[in-house]
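> all I have is the shape, not the residue letters:
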């Protein structure tokens, strides 16, 4: 019996985003609404603790999950049923955490979706019903109440000795499952100034946003105060008509700027290289080393008429091969992303090799970009 183990550089998937070949203005223009957020227009996170009932024996084990038992007893007390001192053995109940996002300007009586996630040792929430659960904000005030049938987008089946599941059966969703009880006060029309926050802070982009707004209004109402914030004073013509102003501003198109950056995901081999990545003049050589390990079993027998034993052993042979076709490539000063990729491809590098080469170029000081490893 013979087998060989070959150790080579891994061939991983690679994603190269090469936008430099496209027209500069065509790819870079974006609306302000797509790259920035306006003050006060944001979601607010809500959370609550509740009980899901009606499960088919897939709920919490009340004997081992104390908070589920206490919650059930407390809930029954509120409706006039005294269950203290009795033995509760039901497995059709599960303690859950309920979460939701309260959209901006949500009004009392409107509905929002909620997510339900098991907190104890429940196996499946399918078929369960969430009982009325108050949802509170960061300030501790109740803003919505959730209740309804839990929809689980997963499949779970269990037999005597085996089980199978697809997805996460202990997490579900209730579409329009919460009714908003309290509103978050925010008078948009009364604002005298509006703060715009960039999602990707950059001084150049911040200045371009301010210039675009001033060009629209014909005044110096907007000012970039840092790399992420633009403050815009509401002109007299738009007093009481802030929505009209924001509608015009968010549709303005600008050209966002960005840092020269290389993002590497070593676990999957994905590499994303920004368009402004430049390198200085340098030479790169790349070669592969292949190590072959072969194990050959053999039988050792004693001499005739000797007092010995027949044994089985393994003989290992190691062969080291180095690629003799390794090339040395010279890359000129200030080459672009396309030139860098073309130069590395002439070496026949694998994605894993490319990651190592980029890190080595950065270490040499020739790569004029930031490398971020995730």
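Thanks, I have it. Note that the coordinates shown come from a computational prediction; the quantities given were computed from them, not determined experimentally.

> give me the element residue 200 is part of.
Using DSSP states H and E, residue 200 is not contained in any helix or strand.

> make sure it is actually in contact with residue 258.
Yes - using CB atoms under 8 Å, residue 200 makes contact with residue 258 at a distance of 7.0 Å. (C-beta placed from N, C-alpha, C; glycine too.)

> now do the strands in the stretch 1-150 of the chain.
Secondary structure of the stretch 1-150 of the chain (DSSP state E, counting those that start in this stretch): strands at 3-7, 30-31, 36-38, 44-53, 94-102, 111-118, 129-136, 142-149.

> direction included, what does the shortest one pair against?
Going back to what we said before, that points to strand 30-31. Paired strands of strand 30-31, with direction, are strand 253-254 (antiparallel) (DSSP bridges).

> residue 131 - how many residues pack around it?
A count of neighbours around residue 131, defined by other CB atoms under 10 Å, yields 17.

> that one against residue 53, yeah?
Yes - proximity of residue 131 to residue 53 meets the contact threshold set by CB under 8 Å, at 6.3 Å.

> contacts only, for the closest residue to residue 193 other than its chain neighbours.
Nearest residue to residue 193, sequence neighbours excluded (CB to CB, 6 or more residues apart in numbering): residue 233, at 5.0 Å. By CB atoms under 8 Å, 6 or more residues apart in numbering, the residues touching residue 233 are 192-193, 221-222.

> repeat that for 7 Å
192-193, 221 (CB atoms under 7 Å, 6 or more residues apart in numbering).

> flag the shaky bits of the chain, pLDDT-wise.
Low-confidence segments of the chain (pLDDT under 70): 1-28, 85-86, 156-163, 165, 281-296, 305-308, 314-349.

> residue ranges of the helices in it, please?
Counting by DSSP state H, one finds helices in the chain at the ranges 24-28, 32-35, 66-78, 203-217, 242-250, 337-345, 351-364.

> turn these into JSON lines, columns for mean neighbour count and distance to residue 372.
Below are these laid out as JSON lines (neighbours: other CB atoms under 10 Å; distance: least, CB to CB, whole Å):
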{"stretch": "helix 24-28", "mean neighbour count": "11", "distance to residue 372": "21"}
{"stretch": "helix 32-35", "mean neighbour count": "16", "distance to residue 372": "20"}
{"stretch": "helix 66-78", "mean neighbour count": "15", "distance to residue 372": "42"}
{"stretch": "helix 203-217", "mean neighbour count": "18", "distance to residue 372": "19"}
{"stretch": "helix 242-250", "mean neighbour count": "16", "distance to residue 372": "29"}
{"stretch": "helix 337-345", "mean neighbour count": "17", "distance to residue 372": "16"}
{"stretch": "helix 351-364", "mean neighbour count": "17", "distance to residue 372": "11"}
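
> let's have these in CSV, adding distance to residue 138.
Listed next are these as CSV, based on distance: least, CB to CB, whole Å:
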stretch, distance to residue 138
helix 24-28, 37
helix 32-35, 26
helix 66-78, 23
helix 203-217, 28
helix 242-250, 25
helix 337-345, 43
helix 351-364, 41
